[in-house]
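Colleague: Any chance you could fold what I've pasted below:
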Amino acid sequence: MAPNASEAPPDRKLPQHGVKGAYYAGDWVDLEDCAGTFQPDSSKCSQCPTRSTCPRSQSRNAVTSTTSKEDVVYDVVVIGAGCIGSAIARELSRYSLNTLLLESADDVSQGATKGNSGIVHAGYDDKPGSLHAKFCWPGNQMFPKLDKELRFGYQLNGSLVLATNQAELKILDELMERGRENGVKRLRIIKKEELFEMEPALNPDAIAALHSPDAGNVIPYEFAIALAENAVDNGVELRIRREVTDITKKGELFEVDVRHWEPKAYVTAREKMGKSADGSEPTSSSGGSLIYKSGIAVSSLSVMVKGIMMALDENVNDDIRLQSALATLFVAVVTAMLLLKPSSGTKKRGPTVLKDLVDKCSPPVGSGEDGNVGVADMFTGGSGSWNAVKGVTAGRENVKTRYVINCAGSSSDKIAKMIGDDSFYIKPRLGDYLLLNRSQGHLTRHTIFPCPDPILGKGVLVQTTLWGNLILGPTARDMHTDEARDMSQASIQEYILSKCKKLCPYFDPKETIHAFCGARAKSSRGDWIIEPSIKDGSFIHVAGIDSPGLAGSPAIALEVVKLLREAGLETSPNKSFNPNRAPIITPKAGMKGLKMGPVGKNDSNGTDAEEAKMASNVICKCEKVTELEVVRAIHRSLPIDSTQAIRKRTRAGMGHCQGDPENYNCECRVKAIIARENNVSVDEVGSRPWPATSTLSQRWIDDDEKKDLEKRSTVK
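Modeller: Numbering: from 1, shown residues only. A predicted model of the protein is given here:
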């Protein structure tokens, strides 16, 4: 604890997104004012209300036939669906282009986008003249308008860089001058009295701070999901679980070889039911696959043509002609019955007893090391990577395109080498975080930074998230150094907690509910790489995008479109482009209009007639997520087939109990709803892996671990 720290200031009851209002375009909007602002008329938004769901591992507008996929020529293929790739895809959807977004993980936003602070930096600490500085401030200024359109939730909370002595005060002056050189507006240094009026829970030793009112924060994966949804709504095709394995140039076209993978548990469940591993129609044993039906149609047509020819042949005996006509009619009737028979994978969904599905769910995993995610896995989606879920190859695809955008994050150097470009390499830097309960979020409104480290950069921070949690971190572990690579989990926690106590000494480490880590793609050049490849001008690198990449993402997207035009891409406007998107969450006023209870008490039967029941039925008690919010998320334009995907979109399972089955069993409830809406078995729905990238020993931490966290926060 920082010296001279006294009793914690009282709870200021700061607003929390979705609780009696929402953050919209940077500002707070009260619940009664959300209609028409945060909650728009759905008819004016890009996604059309529908009860259909996406095909497995691809968007609803995807080309589904294997033969057709091979024939399509795309204008642009974007590799990587983090916030950078999704921002570029959305910008490209403004134009009449055939664009494909490929993601190697099991959902968009699974790489560095998922594992970062979500800060929309202002850009005062970026090196003048760098690409960081060029794009950060312009990108920052685009966020209010972006959130007006996409409603992902953006809070303009501002940032403070603390100084605790005269030497650090001099650094604040240097940062402010650097910010001015980068074009950052409204920067000022505030003294102690004003500082503690703004933030009473800071280290009492703080004497001044650099205040940037334009810094903001988002939930980074919710931001990327909103971008990708709107891109797909406006015509971009998305395929997930697609690992690029090779790229060649043949004439004017790139040929991108892609491996389609699926989780082993999913494939096993499908095989037991006689269904195909790639998630398409059931195999021939169940009478419904596209290939199977095509074979029936071709064979039957051949028989019927011969039968008709014989029936019309006057040289054939009349009895034989009659028999031939009757046989042809019989074949036609049987063929029609087989072709029109709905397959078990596409049968019409009727009333469903949700409790029956919940009872079939395996309990959530919260201990052990089976779901551990290694550093290499973080390059391809972390807990959503093929290795983390023991993925198996479900198919191979060959994609033809005129232009390629390399937004593959920590794998971008690997993608570059596929076309012989070794002009850079990625030096991954891991950032570890601890997430505290909502009860701790009142301690700070601004994002709180220490004076920056000349090597490690901005350093650890303390920040209240949009939803009211307190987030602590990150570390800056360069994986090319032994010291950083070999840090123990205890030492990682100790580093975060002790550093953060020097910023805000009053948080309670025993309120930790979650821990996670992300891999940042630092490049060997020390700056972002946004340029055509030296090997081919139609291949654009958007690589090495570390912090403040999220802030710069919308401005980077504009630059990429400019580079594509310079490379020869024609960009005629998409006349049907709709920039608006409705939010997934519904702001609530406590328990008003909501009902909680055991599984089966308040559940709907899944039909449209019971939508009002869905709207009141609480699926996640901690976060007050309703059945209707889960259902609407599933019916958006991105494929959803795991509880993790719903967790990121609705927060079901993100509360203080972390999906504890002994509390409300929300993970199994969500799994059951996904199974019902997708018309699949619960065994085909993915679950949250453990431990993934967590430094905690178990998902539901006990009193002993809480005491350990408290001890680690006091280390000097």
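Colleague: Who does Y74 form a beta bridge with?
Modeller: Per DSSP bridges, the residues bridged to Y74 are T401.
Colleague: can you give me the helices for the stretch 501-650 of the chain?
Modeller: Listed in chain order, the helices of the stretch 501-650 of the chain (DSSP state H, counting those that start in this stretch) span 549-566, 611-616, 627-634, 643-650.
Colleague: May I see those organised as TSV, with mean neighbour count and distance to L195 added?
Modeller: C-beta: built from backbone N, CA, C; applies to glycine. Formatted as TSV, the helices of the stretch 501-650 of the chain follow (neighbours: other Cβ atoms under 10 Å; distance: least, Cβ to Cβ, whole Å):
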stretch	mean neighbour count	distance to L195
helix 549-566	22	24
helix 611-616	16	44
helix 627-634	24	39
helix 643-650	26	35
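Colleague: Next, format those as a markdown table and append distance to E70.
Modeller: Compiled in a markdown table, the helices of the stretch 501-650 of the chain are given as follows (distance: least, Cβ to Cβ, whole Å):
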| stretch | distance to E70 |
| --- | --- |
| helix 549-566 | 24 |
| helix 611-616 | 41 |
| helix 627-634 | 30 |
| helix 643-650 | 28 |
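Colleague: right, and those helices - which one's nearest E103?
Modeller: Of all these, helix 643-650 sits nearest to E103, with 12.2 Å by Cβ to Cβ.
Colleague: Show me what the next helix or strand after the closest one packs onto, helices and strands only.
Modeller: Downstream of helix 643-650, the first helix or strand assigned by DSSP states H and E is helix 666-678. Counting contacts by 3 or more Cβ pairs under 8 Å, 6 or more residues apart in numbering; DSSP states H and E, helix 666-678 packs against helix 354-359, strand 618-620, helix 627-634, helix 643-650.
Colleague: K711 is nearest to which of those?
Modeller: helix 643-650 (30.4 Å).
Colleague: So which of the helices and strands packed on helix 666-678 is nearest I492?
Modeller: Of all the helices and strands packed on helix 666-678, helix 643-650 sits nearest to I492, with 22.9 Å by Cβ to Cβ.
Colleague: Show residues contacting that closest one.
Modeller: 106-107, 109, 114, 221-222, 225, 383-384, 584-585, 620, 623, 625, 629-630, 633-634, 636, 640, 652-654, 667, 670-671, 674, 685-688 (Cβ atoms under 8 Å, 6 or more residues apart in numbering).
Colleague: tell me the contacts of H480?
Modeller: By Cβ under 8 Å, 6+ apart, the neighbours of H480 are K427.
Colleague: Wait, a strand at it?
Modeller: No - assignment of H480 by DSSP: H, G, I helix; E, B strand; the rest coil gives coil, placing it outside any strand.
Colleague: where does C34 fall, phi/psi-wise?
Modeller: The phi/psi pair for C34 (degrees, to the nearest 10) reads phi -70, psi -30.
Colleague: ok, it to H17 distance?
Modeller: 11 Å (Cβ to Cβ, to the nearest Å).
Colleague: These two: who's more crowded?
Modeller: Neighbours per residue, other Cβ atoms under 10 Å: of C34 and H17, the larger number sits with H17, 23 against 18.
Colleague: Find the nearest non-adjacent residue to that one, please.
Modeller: Closest residue to H17 apart from its sequence neighbours, by Cβ to Cβ, 6 or more residues apart in numbering: L466 at 4.3 Å.
Colleague: so that neighbour makes contact with N217?
Modeller: Yes - at 6.3 Å, L466 counts as touching N217 under the criterion of Cβ atoms under 8 Å.
Colleague: I'd like the helices and strands packed on helix 666-678 as a markdown table, with distance to E511 and mean pLDDT appended.
Modeller: Output for the helices and strands packed on helix 666-678, formatted as a markdown table (distance: least, Cβ to Cβ, whole Å; pLDDT from 0 to 100):
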| stretch | distance to E511 | mean pLDDT |
| --- | --- | --- |
| helix 354-359 | 30 | 97 |
| strand 618-620 | 19 | 98 |
| helix 627-634 | 26 | 97 |
| helix 643-650 | 20 | 98 |
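Colleague: Ok, which of those comes nearest G441?
Modeller: It is, among the helices and strands packed on helix 666-678 and with distance given as Cβ to Cβ, strand 618-620, at 18.2 Å.
Colleague: which stretches of the stretch 1-150 of the chain form strands?
Modeller: 21-24, 27-30, 73-79, 99-102, 119-120 (DSSP state E, counting those that start in this stretch).
Colleague: What is the longest one packed up against?
Modeller: Which is strand 73-79. Right, strand 73-79 is packed against helix 83-92, strand 99-102, strand 253-263, strand 391-406 by 3+ Cβ pairs under 8 Å, 6+ apart.
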